[in-house]
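Asker: Need the 3D shape of this:
(2 chains)
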Amino acid sequence: MAWLANFVVNVLPYITFIVFVVGVIYRIAVWWSRPSPAPIPVFPGQRTVGSAISRVLADVIIFRSLWQFPGNRILWLGAWVFHVSFLLILLRHLRYFLGEEAVPGWVAAVQSLGIAAALVISVPLLYLLIRRIVHADLKFISTPADYFVLLLILSVVLSGLYAKYFSTPFVVDVKYVMRSLMALKPVDLSTVTLNTAFLVHFFLVQVLVMYIPFSKVMHLGGIFFSPTRTHHFGGEAHTKKLEEA
Amino acid sequence: MGEQLEKIYDVELRPGAGEAYVCNLTKPEFAEAMKTNIPKEPLPDDQMVEVALKRLDELRKERKSIQLYLDICVRCGACMKQCHYFIGTGDPKNTPVGRAELLRKVYRAHFTISGKLFGKLVGAEKLTPEILKNEWYKYFYQCSECRRCSVFCPYGIDQAEITMAGREVLNSVGLATKYITQVISQVYKHGNNLGIPEPAFKYNCQFLEEEIKESTGVDVKIPVDKEKAEILYLPPSADLFTNTDTMIGVAKVFHAVGADWTMSTYASEAANFGLFFSYDDLKAINLRVVETAKKLGAKLVVFGECGHAWRAARQFMEAMNGPLPFKFMNILEYTAEQIRKGKLKIDKSRNDDVVVTLHDPCNYARAGDLVEETRFVIKSVCNNFVEMDESVTKVKTFCCGGGGGLLTEEIMELRMKGGLPRATAVKEVVEAHGVNYLAAPCAIDKAQLPLVMQHYEIPVQVGGIHDLVSKALILEGQEEFEAKKKAEEEAARAAAAAVPAVCGLCDAEFATMDECCEHAEKDHKISKEQCDMVCEAKEGAAAEAVPAVCGLCDAEFATMDECCEHAEKDHKISKEQCDMVCESKK
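Answerer: Presented below is the predicted three-dimensional model:
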């Protein structure tokens, strides 16, 4: 199975990177290039560019729109905890990429939060999964892809936790592998001690990353283009002052 | 949120319930009249799919909103219970996400890599004529384009955009509704949705002028087709027929501020059903307005109380037919401005008979930035204003159930179901605050909401905001007229009061009504306000006290008795037969 390990560590990451970057850029370029024949903001609060920006940010950071309906607030909580945990986990993983020896201070600072997030994230993930099965109306609108992405992330989380707590690889080697990949230097696997748990986790992460450009996970980029939020209505002909007769 | 409102969100799931509601298909003559090039009748099945896919591909390339909203939905379901048609019908396809998925599944199958590779696993399904006819045609005409879902969507996905795209694809294969195409063809023929021809339009304006004259004594002009005017006013054409009190209110406001205004028979309609049909017709209908305003040299174009008209103006007019050499406003903004400037003399107490609540038209609140001015105007002309629950007002307002080109008979049941959330909210304020007037500054509301209120047995009157303005606004010369009218009425009442009266409780007789009332208060403890329940004019006395005229010689007399005496003396007519000769003077 050495060839498989070699593929996952030395070959697949570059494929993953190219698929992700090209895919994401392509998707965003498509949205970017599509024209908007008319401004279609959903009021209120978007009379200016500034208010449109703050509205988008409120949706990105605190999921403001989702909060508005009391019946959606459990979903809000589940979704928000999930996304924030995901972000913290991502930031924590930067320790395997940044810094020659010691990691930058801010990455070190986020370490314990990232660990906590990894322990927590399964809860909102399971909630997001179960609600699709339990609620008949949600079940009706769910596609197989909706379950797939949740299960994929869950498997990434669980394999990561397993690698962290039950079958720990030599983390110095993990960082060495990542730094080598970044430097485009192939790694001789016989010189490092990586274990199966790490390889499985690393593989699943790459599947997830490659999947992003083809999936609804792109909502992450799309929200910045949403016309009802990003458009503002200056309305020159509406707002101009008339000379008093 | 009140208990009753909370309950509407307990929706019982009934998949397929929406399939029962189908709008009638267009007729060739209406389809032909559209500016959008559409087939006169549905294409044969073997051509449908190809044409539809071509149009869908064009649309996603023409509009960012469509491409993006096809791509980024995560199906979280936050929008489902925000849709009045889902609340009413329980059909999960009748939700913003359910409806959009009808289009998305086709988009994925034909235009995305994952859809082509994995098909049903990623929710992709190839287009068939059945999908077009049985799913799209039904469900895209069960969306009122109210955009409430967009408020609650974490990404602001706007189902109205998806619905508009779906309808444009349907148009391309000849699946358009009769109602919408008929209305639009009337605009091209007569200038307005109702198809009122020019002479009738003008006649109605004269009729309304007379109405105003009768009630206020003031000569208020409702000008039509003036050659030059500062202001072009666009009413929803229903205001000239059914919602005339709104039109009267608007005319009075223009009169009171001395505006140089006119309406036009070429563009005699604020509404724009192109919004429910296609961008091409939206633009063409709007162009009539822009051309008319330019020709008039108008500095200001004012749109009447109509929800989607305001969206068509506010969000599309400048983008589609600009640059505009004039300013445009909604009539509520205009009136609010005049009130702020102190140009209107208002007596709020004239609306003390009503307790008002406001239904925010969807397109005012979510597309028109018009929520404060409506309230300002109402509060300026009424003492009693009550808000409905904040979960159903302003940007979160619920549709009346008849917007988006659905105000048509054949889907009445759906319309009533869609009206449930609004009806429930109104019911709460009727029960809690005695609301008896539902202000709805939109012509579609004014047609739909009375039916909804009747359906759910809620005792409120539905009317416009300018109906209330009209009642409270006092024109120059109106008070003198009213004083005179009041004096005349007083005199008539005094004449009636001078008549001998009899007390209904004790049969005592009195020389005048006043004396009887005094007696009732003193002896029977009946207050003077309720005196009429006790004291009655002595039978026959009222008639006798009235001035009379002799039918034989036209001589006039102060009372009937005097006339009868004259008839006996001069014409030898016995008193018993006097009524054949003497008549009370009109």
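
Asker: Look up how far B:Glu490 lies from B:Ser527.
Answerer: Distance of B:Ser527 to B:Glu490, computed by CB to CB, to the nearest Å: 21 Å. Just so you know, the C-beta spots here come from the backbone N, C-alpha and C atoms, and that holds for glycine as well.

Asker: Flag every residue of the stretch 251-400 of chain B that's near chain A.
Answerer: B:279, B:299-300, B:314-320, B:322-324, B:326-329, B:365-369, B:371, B:391, B:394-396 (CB under 8 Å from any CB of the partner chain).

Asker: Can I get the buried ones among those residues as something I can paste into PyMOL?
Answerer: Entered in PyMOL, the line below selects the buried ones among these, by 16 or more other CB atoms under 10 Å in any protein chain shown:
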select buried, chain B and resi 279+299+300+314+315+316+317+318+320+324+326+327+328+329+365+366+367+368+369+371+391+394+395+396
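
Asker: Which ones among the residues of the stretch 251-400 of chain B next to chain A lie within helices?
Answerer: Applying DSSP state H to those, the entries found in helices are B:279, B:318-320, B:365.

Asker: Please identify which helix or strand holds the nearest residue to B:Thr181 once chain neighbours are set aside.
Answerer: With CB to CB, 6 or more residues apart in numbering or on different chains as the criterion, B:Thr181 has its nearest non-adjacent residue at 3.8 Å, and that residue is B:Phe30. Using DSSP states H and E, B:Phe30 maps to helix B:28-33.

Asker: average model confidence for that helix?
Answerer: Averaging pLDDT along helix B:28-33 gives 96.

Asker: what's near enough to touch residue 122?
Answerer: In the absence of a named chain, this looks at chain A. With contact taken as CB atoms under 8 Å, 6 or more residues apart in numbering or on different chains, A:Ser122 is in contact with A:154, A:157-158.

Asker: Let me rephrase: I mean chain B.
Answerer: So B:Val122 contacts A:143-145, A:215, B:108, B:112, B:114-115 (CB under 8 Å, 6+ apart).

Asker: Quick check, B:Glu373 in contact with B:Glu333.
Answerer: Yes - here B:Glu373 reaches B:Glu333: they are 5.1 Å apart, a contact under CB atoms under 8 Å.

Asker: Kindly provide the distance from the closest residue to chain B within chain A to B:Gly77.
Answerer: Chain B sits closest to A:Thr143 of chain A, with a gap of 3.1 Å, by CB to the nearest CB. Per CB to CB, A:Thr143 is found 13 Å from B:Gly77.

Asker: Equivalent analysis for B:Gly258, please.
Answerer: The value you get for B:Gly258 to B:Gly77, if CB to CB is used, is 55 Å.

Asker: Out of the helices and strands in chain B, which is least certain?
Answerer: helix B:541-545 (a mean of 58; mean pLDDT, DSSP states H and E).

Asker: Next SSE downstream of that helix?
Answerer: With DSSP H and E setting the assignment, the helix or strand that follows helix B:541-545 is strand B:548-550.

Asker: helices and strands around that next one, which ones?
Answerer: strand B:556-557, helix B:560-571, strand B:582-584 (3 or more CB pairs under 8 Å, 6 or more residues apart in numbering or on different chains; DSSP states H and E).
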